[in-house]
Each structure stands twice: as structure tokens, then as C-alpha cells.
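>>> Quick check, what structure comes out for this input:
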Amino acid sequence: MTEQRYDVVVVGSGGGALTGAALAATAGLSVVVVEKTSLIGGTSAYSGGACWLPGSRVQQRASIADSIESARTYLDAILRDPGDELVEAFLAHAPELVAALEDDLGVDFEWLPFPEYYDAPGRVASGRSIQPTNVRRGDLPAQVTDLVRPPVERDRAGEPGRSTLTGGQSLIARLAAALANAGGEIRTNLPVTGLLVDDDGRVTGVAAMTPEGPLTFGASRGVLLAAGGYEGNAALRQERGVPGDAAWTMAPAGTNTGEPIQAAIALGAATDFSALGWFCPGLEHPDGRGSFTLGLRSGLMVDASGHRYANEAQPYDRLGREMAAAVGGRATRVPSWLVFDSREGGRLPAIAMPEGDPVEHLAAGTWTQADTVEQLAATIGVPADALVATVARFNGFCEKGLDEDFGRGDDEYDTFFAGGEGPNSALRPCDRPPYYAARFVLSDLGTKGGLVTDAAGRVLRHDGSPMPGLYAAGNCAASVFGPVYPGPGAPLGSAMVFASLAVRDMLSGSAASAGR
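Coordinates of the predicted model:
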């Protein structure tokens, strides 16, 4: 078995993984990133690149009313465990990380107007999230350009990426470029099969498999697991009670099946899977996969009984959790149907990534079309009288500008994407035939349960003691936010912060001496 030795081994190549890798390499450590697939970025590359990193100088440049204090107030109001040491570590380090990313790694950020997901004290109007600015492929190092995973709609179609990288692609490209410029390595097509441990119980590297046989990567300072969750593993989802389906996740095909987490569990790592996932409504496609959907502009969502069950314009994780909720005596919500009319020419009145071709949807039955609401009900198998009454009641709310059932349009988020002309911009009547219904399933942006870590990103044992040499961030770790999704970019922001804190611990005197 061939072994290659480094100071730091990073498993995974998303936003958290590459943040840790680039910071470690820039600090002078030898670093290798081990990626399971042929492309880097994972679900991070599919994302819009929003980063929920409160209190940084980027928000200050934009003159918005953000601060660490207001973010703490906001989190105290919405989290299950306010004041937790991980929350405090996140808040304290977020501004420091942004400064390091801009000054040391050349990642240029800008403020991104996008409302936060809860109406709670400390919330910032129009949001506090930031995102990397665009970068052209030609401005990147040659060894990076062909590695960045394309946008989801192009990746699923087997098409290459664009010449200008935006959002999550820009983040991945910029971090990978910083890693390459600092002498770090990226190794692809290397699924990790286990963790290496010395006689004292310290994690000293990882084992991987190549077509030529097994290969090990030694790590004198530490191993950072940041390879996503287990959303692509149907058996683990079922075992841990995660609603939805592996076919509906937004993780790239063949990724995020949980092997790094399982390897740590085999060594005695503590876990917390209670937060389940980062959920979202998923437009179902003819091939059975789901598409992350947000920004509803019109239409109404109904369950198998033909009734609405939630505010369709609320933040996607909260609507996803409504879809997953088990309510006694009510019909199933998975699948649900988005009922809409022809006011947008038969296009989906929402942002779906990807949306797909309406003609193909109609041919496959994932969308249906009819001249009347009664006929539409027959095409989707819901009671006609119920659907007709539901649409009529909804249209009445649109006329009055008040959703008496679920308060759609009452919150800043509800109206952010809205385009209605009436008294409530989030309420547009469904009254222009022909009518359409699009089938929705419960998708996710990843599972969010995983290894229990401390404020330094160290993986903990069941007795609360750290496992020497082993760190975790992102969806490999139990989320600092528990079951709550505070705002756009919370998954990326938290992954990046704890990857950075892990590297800081590796660079500390105690971590360095422990590795010798």
C-alpha cells in the first residue's frame, strides 16, 4: 500500500473543505484535498454562493445594519440552544474569516440582498448574506479551470461550465485557485475508504482507493472531513429517519453517501442526526430527480386532498418542513402539486434549478394541463370539488390582498420575488386558462446531522473528549444551527467558519506538537 504524507488532508472539495485547505496551504502547511468524483465543488458549486457570515467588513462597506450583536440577537430568538459555545465561536470568527479570505486568499465579496428566513429580533432588512463576485475562467490557474463542477442544469445534462463563473462556482474556483497558488494539491476520483489511526488513538491520515489499488495519505497535523452529508445514501437516510429520497436530493449524482462519517463512527465518534436536513420543495423531473425551487411568483400548492397546507411563498426550508410534516388524518403532502395558470405563458412561476422543458414535463406527466380547474383535478387525481373550492378561496384572498389561512405576503421574504399588481404582491389569482399542475417532491440541499464537534472543529467521542487529529465541518458535522435555517448561505457560512477554526487549531502549538 502506497503512502503519501502531508501536514493536512482534507476530505471533500466544497466551500468548507476548500476554505480549510486554502487557509492551511497559505499558512505554509502541505495540503492535499481528496475528492471522490472527477470534479470539485459538490453541492456548493450548484449553489448561489451566498454566505451567511455576520458582522464582516463586507456588510460594513454596504452600509447595512448588520453586526455580531444583531446576529446574536437573531440567533438567540430562533435557535433551539441559544448561547451555545459553537454559536459563539461562529459569531466571533465569521468577520475574521472574511477578512482572511479577502486579504490572504483574494476572494472578493459583495453584499447580496436576500431576506433572512425568520421575522425575529435582530433580523436585517434585505438580509446580511454576502457572495463572491464573478470570475472569468481564463483568469484562473490552468489546473483549476477544468475541475470546477458546472452549474446544476449543465452538469445534469453533461454539458461544460460557462466562461464566467458566478455564485457558488466563483467561490469554489477562487478557493481552489488560492490553494493551487499556495502549493496545495487536489486529487480527484479518490473515494475515501477509512481513517488511519496510530497506537495512541490519534487519527493520522486517510485510506483511499484508486483503480490501481489502495493508497493512503498521512496527515501530521490533522484530517478535516468536509465531504458533505449522507443525502445520497438511501439506506442511511431510512435508518436515520430523514424524509425525502436520495433521488430527490440536490447533491451531484454519486456524491455524499456518508463514508467519511461512517469511518469516524467506526472509531468511536459521537453523532447527532436530529436536525435531519436542509429541506426545500423539489420540482420533480421526468427522470425522477428533484430541483431546488424557490421564489414563487404565483400559483398555490395543494396536497393529495386538493387543499392548501402552508404559505407557499415562505422560505424554502420552512416550506419543505411543512411538506414533511405528518398531520393526523390529512392526505399526503409528498407529492404535492403546484397549481398555476397561463399568466406566464405556461412557464413555472418560480425559480427551479433546473426547471426543465415544459413540453417534456407535460409528456412525462410531471406536469399536467387542462382547460378548467375541474379537469385539472382529474389529471392529478385529487377531488375536483375540493380543488375548485381551494382555488376559488385563494382567488378571493388575492382580491382582498389578505391570505386568511396562511398569511402569504405578510413577511418580507414572501414579497421578495413577488410580481403581483394587486393589494398584496405575493397574491396573484389563478384564473387564466389553461391551467397547469406541476408535481413536487421533498428535496434537500443535504443532510445536516453528523459528527459532534467542539468550537475548534474537533470531532468528539461519546464522553465529550476530542479525537486527536480529526476535525469535521459542513454537513459531515452536526449543524451549529440545529434544525433551523437562519438565512441564505447558512450552510456555506457555517462550513467555512468551522473549517477555518479547525485549521487554526491544527496550526496551534498543541496540535503541532501532537502531530510530531
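
>>> contacting residues around stretch 386-406?
Where contact means Cβ atoms under 8 Å, 6 or more residues apart in numbering, the residues beyond stretch 386-406 that reach it are 300, 302, 305-308, 310-312, 339, 373-374, 376-377, 408-410, 420, 422-424, 426-431. Every C-beta, even on glycine, is put in place using the N, C-alpha and C of the backbone.

>>> what does stretch 426-435 give?
Against stretch 426-435 from outside (Cβ under 8 Å, 6+ apart): 297-300, 313, 339-343, 346, 349, 369-373, 376, 391, 394-395, 397-399, 401, 403, 408-409, 414-415, 418-422.

>>> Which parts of it count as buried, going by neighbours?
For stretch 426-435, burial by neighbour count (16 or more other Cβ atoms under 10 Å) applies to 426-430, 435.

>>> quick one: the spatially most central residue of the chain from Ala25, how far?
Closest residue to the average C-alpha location of the chain: Leu445 at 4.1 Å, with Cα atoms, centre = their mean. Relative to Ala25, Leu445 is positioned 28 Å away (Cβ to Cβ, to the nearest Å).

>>> so how far is Gly482 from the closest residue to the residue nearest to the centre of the chain other than its chain neighbours?
Once flanking residues are discounted, Leu445 sits nearest to Trp278: 4.1 Å by Cβ to Cβ, 6 or more residues apart in numbering. Per Cβ to Cβ, Trp278 is found 12 Å from Gly482.

>>> who's more crowded, those two?
Here Trp278 and Gly482 are compared on neighbour count by other Cβ atoms under 10 Å; more neighbours surround Trp278, at 26 against 18.

>>> Skip the chain neighbours and tell me the closest residue to Tyr74.
Excluding the flanking residues, the one nearest Tyr74 by Cβ to Cβ, 6+ apart is Gly122, at 3.2 Å.

>>> Greatest separation within the buried residues of stretch 426-435: which pair is it?
Ala426 and Tyr435 (19.8 Å; Cβ to Cβ).

>>> Quick check: buried residues in stretch 8-19?
8-19.

>>> pull the CA atoms of that stretch into CSV?
Extracted in CSV, the C-alpha atoms of stretch 8-19 (Å, rounded to 0.1, in the frame of the first residue of the first chain):
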residue,chain,number,x,y,z
VAL,A,8,-3.2,18.3,6.4
VAL,A,9,-5.5,16.0,4.5
VAL,A,10,-8.9,17.4,3.6
VAL,A,11,-11.7,15.1,2.5
GLY,A,12,-14.2,16.7,0.2
SER,A,13,-14.0,19.8,-2.1
GLY,A,14,-17.0,22.0,-1.3
GLY,A,15,-16.9,25.5,0.2
GLY,A,16,-15.9,24.4,3.7
ALA,A,17,-13.3,21.9,2.5
LEU,A,18,-11.6,24.3,0.2
THR,A,19,-11.7,27.1,2.7
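
>>> picking up where we left off before, tell me the mean pLDDT over the helix or strand the residue nearest to the centre of the chain falls within?
For Leu445, the element it lies in under DSSP states H and E is strand 435-447. Mean pLDDT, strand 435-447: 98.

>>> for stretch 308-321, same thing?
On average, stretch 308-321 scores 97.

>>> First-to-last residue distance for stretch 75-89?
The first and last residues of stretch 75-89 sit 13 Å apart, counting by Cα to Cα, to the nearest Å.

>>> sorry, back to before: residues near the residue nearest to Tyr74, how many?
Counted with other Cβ under 10 Å, the neighbours of Gly122 add up to 21.
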